[in-house]
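Asker: When you get a sec, could you give me coordinates for this:
(chains A, B and C)
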Amino acid sequence: MNDATEEQALVTSGQQEFLTFTLGEEEYAIDILKVQEIRGYDGVTRIANTPEYIKGVINMRGVIVPVVDMRIKFNVGEIVYDQFTVMIILNLGERIVGMVVDGVSDVIALDPDQIRPAPEFGATLDTEYLEGLATLDKTTEDEDERMAIVVDIEKLMTSSDMGLMDQVVQAG
Amino acid sequence: MSVDLSQFHQVFIDEAYEHLATMENLLLAIDLDNPSLDDLNAIFRAAHSIKGGAGTFGFTDIADLTHALETLLDRLRKQELHPTDDMIEAFLQASDLLGTMLDDHQQGNETDADRIATVKSELVRLASDDEQPANQDSTPTPPEQQPPAGDEQPPTRGGGAWLIKLHPATDIFAGAASYDAVTEDLMALGEVEKVTPPHDGQATWLLHAAVKREQLEEIFAWVCQPQEVTFEWQEGDQPLAEDNSADDDEEAFGFFIDESELPASLESLEEEQGYGFFVEDDELPAATESQTNEGETADEDPGYGFFVDEKDLPAKEAVTSGSKPSLSAQNTSSAEQTDKKASGKPAPKAGSQPAKAPASKAAADTSIRVGVEKVDQLINLVGELVITRSMLAQSASVLDPIEYENIHNGLANLERNSRDLQEAVMSIRMLPINFVFGRFPRVVRDLTKKMHKKVKLKLVGEETELDKGLIEKLSDPLTHLVRNSIDHGIESPEERVAAGKPEEGTITLSASHQGGSILVEIHDDGAGLNREKLLAKAEEKGIPLSDNPPDKEVWQLIFAAGFSTAKEITDVSGRGVGMDVVSRNISEMKGQIEIDSVPGQGTRIGLRLPLTLAILDGMSLRVGDEVFILPLTRILESMQPDKSQLKTVSGKGKVVHIRGEYLPLVPLYKVFNLQPRFTNPEEGILVVVETVEGKLALFVDELIAQDQVVIKSLETHYRKVEGVSGATIMGDGRVALIIDIERLARMNVV
Amino acid sequence: MAKSILTVDDSASIRQMVSFTLKGAGYSVTEAVDGKQGLEKAKSGRFDLVLTDQNMPNMDGLTLIKSLRALPAYSRTPILVLTTEAGAAMKQQGKAAGATGWLVKPFDPQKLIDVVKKVIG
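Answerer: Numbering: from 1, shown residues only, chains lettered A, B, ... in the order given. From the prediction side, this is the model:
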C-alpha cells in the first residue's frame, strides 16, 4: 500500500509527506502514509444507537469500515452530503476508518523543523492528539502565510473519544 | 553437503501428534476382555513410527520412551501378555507425556526427567510381568520365565538360555528363508545349540545369551509371523564361557554400527556403515560410469561396500553381459560368523521389528495442509465474486432479454458457477465433528475414574461436518457439559443400583444436521435436574424468577453465572464457573441451548448451531431506507396482521395474537431508530421468529428476498453493535446488517 | 539430466528428509506413501533408483520389490531397502525379493547421498 522507495527517499531527506484537509476554518495535516484513499460519500449504512458523528458503515472492497463525520464530531463546517462531500479512508495499522471532512486541500512535504510544538491554544481538537503546528510554504506570492495543525490521526481515531473500538462503553 | 535435519522437525512433530491421537483413540476403544489384534497392531505401529522418526531426527528422549512403550505393546500384540486396565492407564500416561515432550521440544524446554523416569519404569515393570500367553496355542507352552526385560535391569550374564521354538504353519525354509541364516543371526548373539534340526519349517534352538527378547523377535520377524515362534527363558547354572551378547542394546537405538551382528569379516567394513548391496559393486549403474575399482574402494573408503564378496561372484560377467543384478541364491556368508566375536565394541542396534499389516494411512498424500487464513482469503474472494456477480446481474436486468440473450445466459451461468464455487470453497472449512468428539473418550475415562463413577460414552454422528471455526469454539462448552453430566448427572454406582438402574451410566454425544443448522446433544441417563433444588438455589442467589416458572425457565438456571448446585465443591465441576461460560460461548456462535430433563431418567442438553460462521441463509427485509438480514432458520412465518390480532398489554407494549398465542410485537424501526414507511403494523409485515426466550413478532416495512449472504464482521474495523450479529454486502454493494435475534429478544424494546 | 529416484515411505518426515537430501544432491525425486502408490508411480514413470521402506500400510517394501521386479522396466533398476534391522534373515528376504541393497535406519543424510552415489552415480 505504501511506496517503500518513496518513503525511503523522504526519510533520507528528513522530510515527511502530509495530507492536509480543512475542517471549518482550520487546516489539518495528517501523515500521508496513513491515508489509503480519498473518495466520495456514498452508500453508508446507518448503525442505530450510536453517536451522531458515527455515520455508519461502508463496504470497502468487501471489508466493512465505519465512517465518522469529523464535522459533526467537532461541530464545524456545514453538514451536507452531496457529490462534493469527501471521505478520507485511513489505514491505521489494524483498522480502517472512513473520515468525512470539509475538504481535502493538498499534499505537502514538511521538514521536521517546520513542525513546532503546539501551544495550548483553542484548536478544535484536543492538544493530546496534536503533534504540532506547521507553517506552510506560500504557493503564490500574494497568498497569506498558512498554518496547518499536525494531527496524530491514529491516536485520535483509536481513542475512546471516538468510540470506534470495543473497549469503549457500548452504546445502546 | 550437510543437511540440516531440524527443518524436518515440524513435520515429524505433526506426524507424531497424529500418531499419538491414533494411539489414544485406539487405546480407549480397547475391550480388555477381548482385545482386537488389529488394534493392538495399530497401536504398536503408531508407537513404532514415532520411535523411528524420533531416532532419525535426534529426539532421543522421545525415542527412548517410545521404545519402552513399544516393548510392552509388542508383547501385547504377540499375545504374550494380556492387556489390563493398568496398562491402558500407563499407555495413556505415556501418550500424554509424549505430547508434553513434543511440546517441549517445539518450545525448547526441558521435560521433567522424573516424570519421564516414572512413566518409563511403569512401562518397563508392566512389560516384565510374567503372564501366561493369552492365546491358547496348539503347542503347549510352559510358563515363560522372562529374562529381565527393559532398560532398568540389564540381563544377567552367564547362567540361562533362550529356548526358541519355531512352529510355523508352512515350511518357511522351503521358501526364501533359510535355516542357516536364522541360525547365523542367532549365533551373532551368543552360543547356539541346534536342539531340533529343521523339519517342515519347525526347529528348536537353545541360545546361551542373556539377550533381550526383542532382539530375538527382530530376527524372527523376517522369517515368520509373531505367533509362529516362542521364546522361553530358561535359568541355568552352567555359565557360558563367552558371552558376547549385545547388551549394549540398552540404549534402545540410535545407531546401527553393530559389528557383532555382522556375520562376516568381509562384510564388516561396509556393514559398519549401515548399508550394503546384494549385488556386485560394479553391477551398479554408477560403476559403469565412474569405473569404480571394486574391492579396493571398499577398503579405502569405509563409506560404502558390497554385501557379498565380489570374488565369489562372476563380477566381470555381470557387467559385460549386462545381465540383471545378480540375485544368486548364494547363501549369505554362512560360515563367516567367526569374526563376529572379535568386536567387543558397544553395538547399539535398531529398535524392534516394525509392525506388519499396517492399517491404511494413505491420507498423508491425498491431503495437504493449508493455513486457515489462506482458506479464509479464498472464502472472502469468492464472497466478493458473488457480490460482483449480483451487481452485474442488477445492471443487466434492464437489458432486453432477446437482444442481449447472450449476456443473460452468461450471467445465469456465472451465477451457477459462482454458487458452486462458493459451496466448494466453504466445504474446505468443514470438518467432521469427530475432531471435538474424539477427545471425549479420554475426558470421560479420566473423570469417571476421579469421580468413582461408571460411565459409558456413546458417540453418534461423529462424521457430521461443520465449520472449523465452530469446531474450535465447541470444544470448551462441550467439555463443560460432559463434565457436568458426569459430576452432577450420573449417580454413583450404588445410587444407580438402588434406583434400579444399570450400574454403569451412559452419556451420549450426538451430532446431526437439521436443516440449516447442526444439533449437538449431550444426553445422560442420570438423576435429572432437580427443580426444587434449582429453585431454592435461585432464591438463595437472589435470581429473579416468575411465579411458578415453567421447567424450561428453571432448567436455564444452570447457565446462570455463579450457579452451582453441587453438594460439595469438587475439582471437576461445581465451582459455579463454566456453565455460564457455556451459554456465552454458544450464543457467540449464534447458537441456542435447549434443555430437557426428567427426574430419575436423565437430562438432554441440545446445542443448535449454524453450520458455518461464514455464510447464512437469510431473509432480507426493509425498514425505512435500510435493509436488514434475518437468519432464515429462525423465521417461523410472516404475515400481515389485522386489527383484531393486535392488542396492547399495559406495561408490556403491543402483542399480537396468533393462533392462541400472544407474541410480543417488536417494531424494528424502534430498535434501530429509523424512519419507517409504516408505523401501523397492519400496513407492514410481521415476521414471527423463534428465540430461546420464546417467539417474537418483528414488525418491518417489507420483505425483500431470500438470499444466501456472506457474513462479515463489524468488529474487524469497528466494534460490536447491539442487536446485530454481523453484516453482509448486498448486490448493490451496500452494507446490510444481520439481526441478532437473541439479543433483540433480550433488549426488550417495545 | 538428473537421475530420478523414487522414495517410498509412509512417514512424511522421513520421506521429506530423503527427498530434500537427494534433491540437494542434484537428483530428481518422486515420493510415494506406501508400496501400492510406489508401484503405481513406478509404472507411470521411469526411475533410476527406488528407495523403499519395509513396513508400510497397503503394501510393504518386499512386496513392492517383488512387484517391481516382475515388470520388465524394473527388472534391473537398483532398489534399496531402508530397514531398521540388518540381520541375515532380513538380508535373505531382501535379496530373495530382488533388492539391490539395504540401508539401515536411522541414517544421516550424507550416508544416504554416499550410498545413492555409489549406486547410480
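
Asker: which other helices and strands contact the worst-scoring helix or strand of chain C on mean pLDDT?
Answerer: Every helix and strand of chain C was ranked by mean pLDDT, DSSP states H and E. The lowest is helix C:88-97, at a mean of 78. Judged by 3 or more C-beta pairs under 8 Å, 6 or more residues apart in numbering or on different chains; DSSP states H and E, the packing partners of helix C:88-97 are helix B:179-187, helix C:61-69, strand C:79-83, strand C:101-104. Where C-beta positions appear, they are placed from N, C-alpha and C, glycine not excepted.

Asker: what are the ranges of the helices in chain C?
Answerer: C:12-24, C:35-44, C:61-69, C:88-97, C:109-120 (DSSP state H).

Asker: JSON lines for those helices, including distance to B:Lys453 and mean neighbour count?
Answerer: Formatted as JSON lines, the helices of chain C follow (distance: least, C-beta to C-beta, whole Å; neighbours: other C-beta atoms under 10 Å in any protein chain shown):
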{"stretch": "helix C:12-24", "distance to B:Lys453": "41", "mean neighbour count": "21"}
{"stretch": "helix C:35-44", "distance to B:Lys453": "46", "mean neighbour count": "20"}
{"stretch": "helix C:61-69", "distance to B:Lys453": "48", "mean neighbour count": "23"}
{"stretch": "helix C:88-97", "distance to B:Lys453": "50", "mean neighbour count": "25"}
{"stretch": "helix C:109-120", "distance to B:Lys453": "53", "mean neighbour count": "21"}
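
Asker: Lowest mean pLDDT across the helices and strands packed on helix C:88-97, which one is that?
Answerer: Lowest mean pLDDT of the helices and strands packed on helix C:88-97: helix B:179-187, a mean of 78.

Asker: angle of that one against helix C:88-97?
Answerer: 150 degrees (axes from the mean of the first three to the mean of the last three C-alpha atoms, to 10 degrees).

Asker: helices or strands up against helix B:179-187?
Answerer: Packed next to helix B:179-187, using 3+ C-beta pairs under 8 Å, 6+ apart, are strand B:191-199, strand B:202-208, helix B:213-221, helix C:88-97.

Asker: Contacts for the second one next, please.
Answerer: Strand B:202-208 is touched from outside by B:160-168, B:173, B:179, B:182-183, B:186, B:189-197, B:216, B:234, B:236, B:240, B:243, with contacts defined as C-beta atoms under 8 Å, 6 or more residues apart in numbering or on different chains.

Asker: Would you confirm that B:His9 contacts B:Ala54?
Answerer: No - look at B:His9 against B:Ala54 with C-beta atoms under 8 Å: they stay out of range, at 10.4 Å.

Asker: Near C:Gly45, how many other residues are there?
Answerer: Neighbourhood size, C:Gly45 [other C-beta atoms under 10 Å in any protein chain shown]: 11.

Asker: In this structure it contacts C:Val29, no?
Answerer: No - using C-beta under 8 Å, C:Gly45 is not in contact with C:Val29; the gap is 11.5 Å.

Asker: Pull up the overlap in contacts between those two.
Answerer: In contact with both C:Gly45 and C:Val29: C:4, C:6, using C-beta under 8 Å, 6+ apart.

Asker: Any regions of chain A where pLDDT drops low?
Answerer: Scanning chain A for pLDDT under 70 picks out the ranges A:1-13, A:120-125, A:137-144, A:166-172.

Asker: ranges for the strands of it?
Answerer: With DSSP state E as the criterion, chain A has strands at A:16-23, A:26-31, A:35-40, A:54-60, A:63-69, A:86-92, A:95-101, A:103-110, A:115-116, A:130-136, A:146-151.

Asker: out of everything not next to it in sequence, what's closest to C:Gln92?
Answerer: B:Ala181 (4.6 Å; C-beta to C-beta, 6 or more residues apart in numbering or on different chains).

Asker: B:Val192 too?
Answerer: The nearest residue in space to B:Val192 (C-beta to C-beta, 6+ apart) is B:Leu186, at 4.8 Å.

Asker: B:Pro493 now?
Answerer: Using C-beta to C-beta, 6+ apart, the closest residue to B:Pro493 is B:Glu503 (4.5 Å).

Asker: Validate this expectation: the one you found resides in a strand.
Answerer: No - in this structure, B:Glu503 is coil, not part of a strand, as judged by DSSP: H, G, I helix; E, B strand; the rest coil.

Asker: Return the residues in contact with it.
Answerer: B:454, B:493, B:496-497.

Asker: which of the residues you listed count as buried?
Answerer: Among these, those buried by neighbour count (16 or more other C-beta atoms under 10 Å in any protein chain shown) are B:454, B:493, B:496.

Asker: list the contacts for the second one?
Answerer: With contact taken as C-beta under 8 Å, 6+ apart, B:Pro493 is in contact with B:452-454, B:503-504.

Asker: same thing but at 7 Å, please
Answerer: Counting by C-beta atoms under 7 Å, 6 or more residues apart in numbering or on different chains, B:Pro493 makes contact with B:453-454, B:503.

Asker: now the first one
Answerer: B:Lys454 makes contact with B:448, B:493, B:503-505, according to C-beta under 7 Å, 6+ apart.
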